[in-house]
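**Q** All I have is the shape, not the residue letters:
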């Protein structure tokens, strides 16, 4: 899709599964299972969607999926499977060395695992010519997470970036390239970011884990994983109406069926109109 001079593609960096109860928090299973059926282990199918953005002469990758450094036990627990982010880049004619900027909205393993790879038994940056952008507060927290969220952070996904001098830490909202705006939206954790893409009078908004899948558009449907659910609620109240009223394209990082859609409000409810984006 083109937004003026800005162009972006959605690349699916893989599939995985998480516990449905955790994904929908206080919502009872008879309600959420109608929208996201669970398997025998109570897991729901999810995607890991990345964005390849061309803006201001830069090639920008937003999110890198879970990567391929995990052992068989981990892959079984989370039902990790293809496709592959690198193959997705190649589909659009790009090599990892072509990427100028990598944006990590936060450092949970399903969003940044592809940051690094193993070469000759050493973990090194996958995108060796890129600078990796992340919120400073999120990086500091990732190095010393709490017992509640420690299972989401793996040092091999981000510490080699610091060692290689590839990290670019920011402390607030930031325009990272023409038409690419990073917006801190606490709730899922203290320093997660959403991404606003705009140009030519058009806007696309990556909700990231604020609204990870289309069922989460309903205000009380908030993940049990969120550290600050009331902040999630306030940010949903702020951003969902803007997307609806502005007729922005909504992008969903974990929806396996609807990665992009236009949102319409009818009779007080949000309706989803899937959009085709290459």
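**A** Structure received. Because the structure is predicted, anything quoted here is derived from the model rather than measured.
**Q** could you pull out the strands for the stretch 151-278 of the chain?
**A** 167-170, 174-177, 180-184, 193-199, 202-206, 249-251, 260-266, 269-274 (DSSP state E, counting those that start in this stretch).
**Q** and of the ones you listed, who's closest to residue 136?
**A** strand 167-170 (4.0 Å; CB to CB). (C-beta placed from N, C-alpha, C; glycine too.)
**Q** Which positions in the closest one come out as buried?
**A** 167-168, 170 (16 or more other CB atoms under 10 Å).
**Q** Over to stretch 22-32?
**A** By neighbour count with 16+ other CB under 10 Å, stretch 22-32 contains the buried residues 23-25, 27, 32.
**Q** Would you reformat the buried residues of strand 167-170 as CSV and include pLDDT and distance to residue 128?
**A** As requested, the buried residues of strand 167-170 are exported to CSV (pLDDT from 0 to 100; distance: CB to CB, whole Å):
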residue, pLDDT, distance to residue 128
167, 98, 13
168, 98, 15
170, 98, 21
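**Q** Kindly tell me how buried the residue nearest to residue 88 when sequence neighbours are not counted is, as a neighbour count.
**A** Leaving out its chain neighbours, the residue that sits closest to residue 88 by CB to CB, 6 or more residues apart in numbering is residue 11, at 3.6 Å. Under the neighbour criterion other CB atoms under 10 Å, residue 11 is assigned a count of 26.
**Q** how much space between residue 11 and residue 149?
**A** 26 Å (CB to CB, to the nearest Å).
**Q** Residue 41 now?
**A** Taken as CB to CB, the span from residue 41 to residue 149 is 21 Å.
**Q** The two - which one has more neighbours?
**A** residue 149 (15 against 11).
**Q** residue contacts, that one?
**A** 189, 225, 227 (CB atoms under 8 Å, 6 or more residues apart in numbering).
**Q** cool, and residue 190?
**A** 137-138, 141, 227-228.
**Q** now those residues: which count as buried?
**A** Listed as buried from those are 137-138, 141, 227; burial here means 16+ other CB under 10 Å.
**Q** Good, wrapping up.
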